[in-house]
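>>> A structural model of the following input is requested.
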Amino acid sequence: MPGMQFEYDEEGGTFFYFLFSLWGLVLIPTTYYFWPRKPVDDEKDKKRRECNCDPCVIKRHQLKSSTKWARMKEKILKIVFIIAWIIFALLAYKVSQIHIEYQEYDPYGELGLDVGATKEQIKKAYKQLSLKYHPDKATGDHKKFMKIAKAYTALTNEETRKIWEESGDPDGPGVTRFGIALPKWIVEKQNSMWVLLVYGLLFMVLLPVVVGVWWYRSIKFSKDQVLLDTTRLYYYFFQKNPNMILKRVIMVLAGSFEFDKFHNAEIVERPSDNEEVPMLIKHLPNLDEKNKEKPLCYPYSVKARALLHAHFQRLDLPPDTLAIDQEYIVKKCPYLVNEMINVIAQLVAGAHRNAVQYMPRLETIENCMKVSQMLIQAVDVRTSPLLQLPHLTQDMLKHFTTKKRHIQKIRDLIGMKEEDRRSLLRHLTMDEYRDIINVCASLPYVTMEVHSTVLDDEDTSITAGSIVTVEVSLKRQMMEVLFDKEELSHVDEDQDNLAIANEDNESNKDQENETEENADTNQKAPVWQKPKKQPKKKGGNQKNKKAKQAYNWKAAATTQEKKESSKQDTEKQGNEVAVKDEEEREDKDDVSERGAETDEETNASDGEDQREDRLESSSGRHEEDEEQWKKYQEEAKKEQQLDTKVKESHPVHCPYYGEEKQEGWWLYVSDKKNHMLITAPVQILTLKDEEELTLKFSAPHKPGLYSYTVCLRSDCYVDFDQSKNIRLDVKEAKVIEDHPQWDIPDDEDDKDKDEDTDSDYSTDFDESDED
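Numbers count the residues shown, from 1 in each chain. As a prediction, the model looks like this:
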């Protein structure tokens, strides 16, 4: 009876097929994704626009020297891929040379005869071959003789010949054999010890080590590769000091455990620190190095704090010791600042749930964002934003503020005429002036549009406790679009926002004192303030239309009944005047028939109207559901838009930051009057041209006028922040007494009671008790 039999591949053909296919499946996609490629950027345009100031030249030189190992890795990777493809070609050649022998059994071929040979020829061929290949002969071959004997039996024995003709084998149908793609030496007895050693090394040593290292890192670091001890440190200090000044934020940042050798093996402690760090502290006033708080008083924290302040003031440090440590610390700090902002946002959310005792103020999180800008541009709080431009020093800025001109921002410099700007920078060479213009042209110019709504199909007005959706659209352009423009509307934007905020505070105070209605009518409103118009409610209009339709068809039905009843009365009076009784009876019969017909018509018309109204309401609800589902899908796409995009925006001009940096932004809603953070900051790392984002928060629970501020802050540039004020007219929440879905006819209730006589929770015990 046929069966199955597994056997190892003794010749190695199946193993090479398996190895060839597996090698190709791994090699082809790996080469596609990991083959080193050159950047697609235009090198000529990049060189023409790049800054040639001394810090930028030094930074490019350091990046090139640091990329030598990266280039070496690319070369090694290319060599590895070339060797892998050579092995793939050799495997393909080996597979092409393998011939799998699979053919039907041919007894005539074994005897060297043609098909259809006679018995005499078969006997003669068998004798000749047996004399040659018999095992007792000198030229004998046991295997060959067995094949000859088997072929002779298959051709001479009738039963064996029949079996061969039916199954293709004289021995009958054989077993199905499967070759396992492993060489036979793996299961041989003399190699069993080596195989066990390899298995033990893989599964008992290597695998536990890999899992242990992964687990150790997972419990030590967060998802942003920040030490969990550092995150706990931030929670402690921000909860302890809700209103943290900028100097205190820098102290907490320097106390991060990433700068401690006990927590981070990459930190290097040198004997020269005992001399160089105290000398550096003498040049840094107000460092507060005598603070006794732990871990802010530890040596690593004091050293990191001193290096950060030296970075803000652009002090020269010893290149072989402190400069290396400063570069490492500054590179780590942006990730730590992001962790600070996340911790503050979580504490604010916890304070709203009464899980945290003290809520961090708005100034605390904004100070953290200022620290990020200071780190990237290497500027202090008191320094001018113009120092972000190349070739400008503190002494040159004295000529920027005179009686004729007042240049304090980069946008003021861009807004000047070409002649005035060149005369102001006449002490610079043409190349240096070109560097300033190129950097100014590459700076971001972002326009922000804000719109606040409540996503509701019936009523879009903002009520107490409703979810307010703030839709923000950002458009990023180069600052070069502002060149040769005399007037910049964006320059005075901050002043306008301050004026609006002050006016909002005054209006809120007047509203609290309830003196707004009794104010002097002769007092003039500010010029920029426009009279408010009450927004029209779409939902209310729809409700009114529906109510009018319901009232109209009822009124029409009642007027028809009145007219018909009046007609019947007149006809009856006319019939009484008639003389003949027969005519009166006939007229009365006609009148009764007409009255019945009119009653039936009115009832039928009422039923048709009700059916039409029900059909209209059901179709309207179906359309509203479809619209609501489309809105939900659009919102889901917007929420996933930032996650699916590649985190790439525009390069930042930061010559004092040791790495290449991409532009980033924070977007959030705040309440500046109460110093509160309303929404968690959303980090935007994909603003190349345009972005659309949504921020959601719950409206206040008390009705009134409220003012909020939508803030957009840069994480790399100073004085490029924006803010837009939004006003919310919060009304009282409507109490929903009735809803169309709750209108259940009484007939359906009676039917449900009759059908559902048995409860879903009834048991056999209840029935037995009733019996």
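>>> What is the burial count for A149?
16 (other Cβ atoms under 10 Å). (C-beta placed from N, C-alpha, C; glycine too.)
>>> next one: N264
Residues near N264, counting by other Cβ under 10 Å, number 15.
>>> Hmm, it is touching S256, no?
No. With contact defined as Cβ atoms under 8 Å, N264 does not reach S256; the gap is 9.5 Å.
>>> quick one: pLDDT of the closest residue to C654 other than its chain neighbours?
Of all residues not flanking C654 in the chain, I376 sits nearest, at 4.8 Å (Cβ to Cβ, 6 or more residues apart in numbering). On pLDDT, I376 comes in at 95.
>>> Quick check: I376 touching G664?
No. Applying Cβ under 8 Å as the test, I376 and G664 come out as separate, 9.5 Å apart.
>>> picking that back up, okay, and the common contacts of N264 and S256?
Jointly contacting N264 and S256 under the rule Cβ atoms under 8 Å, 6 or more residues apart in numbering are L227.
>>> Count the neighbours of I436 for me.
Per other Cβ under 10 Å, the neighbour tally for I436 reads 21.
>>> Check what contacts the strand or helix carrying it and list those residues.
I436 belongs to helix 430-442 when assigned by DSSP states H and E. Residues from elsewhere that reach helix 430-442, judged by Cβ under 8 Å, 6+ apart: 49-53, 389-392, 410, 413-414, 422, 425, 428, 478-480, 483, 650, 653.
>>> what mean pLDDT does it have?
Across helix 430-442, pLDDT averages out at 91.
>>> After it, which helix or strand is next?
Tracing the chain C-terminally past helix 430-442 and defining elements by DSSP H and E, one meets strand 444-453 next.
>>> What helices and strands are in contact with that following strand?
Applying 3 or more Cβ pairs under 8 Å, 6 or more residues apart in numbering; DSSP states H and E, we find strand 444-453 packed against strand 467-478, strand 704-714, strand 722-730.
>>> Include mean neighbour count, mean pLDDT and distance to A84 when you put those into CSV, please.
Shown next, in CSV, are the helices and strands packed on strand 444-453 (neighbours: other Cβ atoms under 10 Å; pLDDT from 0 to 100; distance: least, Cβ to Cβ, whole Å):
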stretch, mean neighbour count, mean pLDDT, distance to A84
strand 467-478, 17, 92, 43
strand 704-714, 20, 94, 45
strand 722-730, 17, 91, 52
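>>> Would you reformat those as CSV and include distance to T401?
Formatted as CSV, the helices and strands packed on strand 444-453 follow (distance: least, Cβ to Cβ, whole Å):
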stretch, distance to T401
strand 467-478, 27
strand 704-714, 24
strand 722-730, 24
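>>> Out of those strands, which gets nearest to L22?
strand 467-478 (47.3 Å; Cβ to Cβ).
>>> orientation of that closest one relative to strand 444-453 in degrees?
160 degrees (axes from the mean of the first three to the mean of the last three Cα atoms, to 10 degrees).
>>> Could you tell me which strands strand 467-478 is paired with, and in which direction each runs?
Here strand 467-478 is paired, per DSSP bridges, with strand 444-453 (antiparallel), strand 690-698 (antiparallel).
>>> could you redo the ones you listed as JSON lines and give each row mean neighbour count?
Formatted as JSON lines, those follow (neighbours: other Cβ atoms under 10 Å):
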{"stretch": "strand 444-453", "mean neighbour count": "16"}
{"stretch": "strand 690-698", "mean neighbour count": "15"}
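>>> For these, give me TSV that also has distance to D316.
Converted to TSV, the strands paired with strand 467-478 look like this (distance: least, Cβ to Cβ, whole Å):
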stretch	distance to D316
strand 444-453	30
strand 690-698	40
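>>> Identify whichever of the ones you listed lies nearest to E165.
Short answer: strand 690-698, nearest of those by Cβ to Cβ, at 79.3 Å.
>>> Name the surrounding residues that touch that closest one.
With contact meaning Cβ under 8 Å, 6+ apart, strand 690-698 is reached by 465-476, 635, 638-639, 641-642, 667-669, 678-679, 682, 684, 710.
>>> hey, C-alpha coordinates of it in PDB?
Presented in PDB, the C-alpha positions along strand 690-698 are these (Å, rounded to 0.1, in the frame of the first residue of the first chain):
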ATOM      1  CA  GLU A 690       1.300  73.800   4.500                       C
ATOM      2  CA  GLU A 691      -0.300  72.000   7.400                       C
ATOM      3  CA  GLU A 692      -3.800  71.800   8.900                       C
ATOM      4  CA  LEU A 693      -4.200  70.800  12.500                       C
ATOM      5  CA  THR A 694      -7.100  70.600  15.000                       C
ATOM      6  CA  LEU A 695      -6.900  71.300  18.700                       C
ATOM      7  CA  LYS A 696      -9.800  70.300  20.900                       C
ATOM      8  CA  PHE A 697     -10.700  71.400  24.500                       C
ATOM      9  CA  SER A 698     -13.900  71.600  26.600                       C
END
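>>> That strand vs strand 704-714, what angle?
Interaxial angle, strand 690-698 versus strand 704-714 (the same axes, to 10 degrees): 140 degrees.
>>> Quick one: mean pLDDT over strand 690-698.
Strand 690-698 comes out at a mean pLDDT of 91.
>>> Ends of stretch 92-108, what's the gap?
This stretch, stretch 92-108, spans 36 Å end to end (Cα to Cα, to the nearest Å).
>>> Quick one: mean pLDDT for that stretch?
71.
>>> same question, stretch 322-339
93.
>>> cool, and stretch 233-248?
Mean pLDDT, computed over stretch 233-248, is 93.
>>> from now on call the first residue 20
New numbering, starting at 20: the last item is stretch 252-267.
>>> So what would you say the end-to-end distance of it is?
First residue to last in stretch 252-267 (Cα to Cα) measures 14 Å.
>>> Contacts for it next, please.
Under the criterion Cβ under 8 Å, 6+ apart, residues 271, 274-276, 305, 307, 314, 358-359, 362-363, 366, 375-380, 382-383, 386, 389-390, 400 lie in contact with stretch 252-267.
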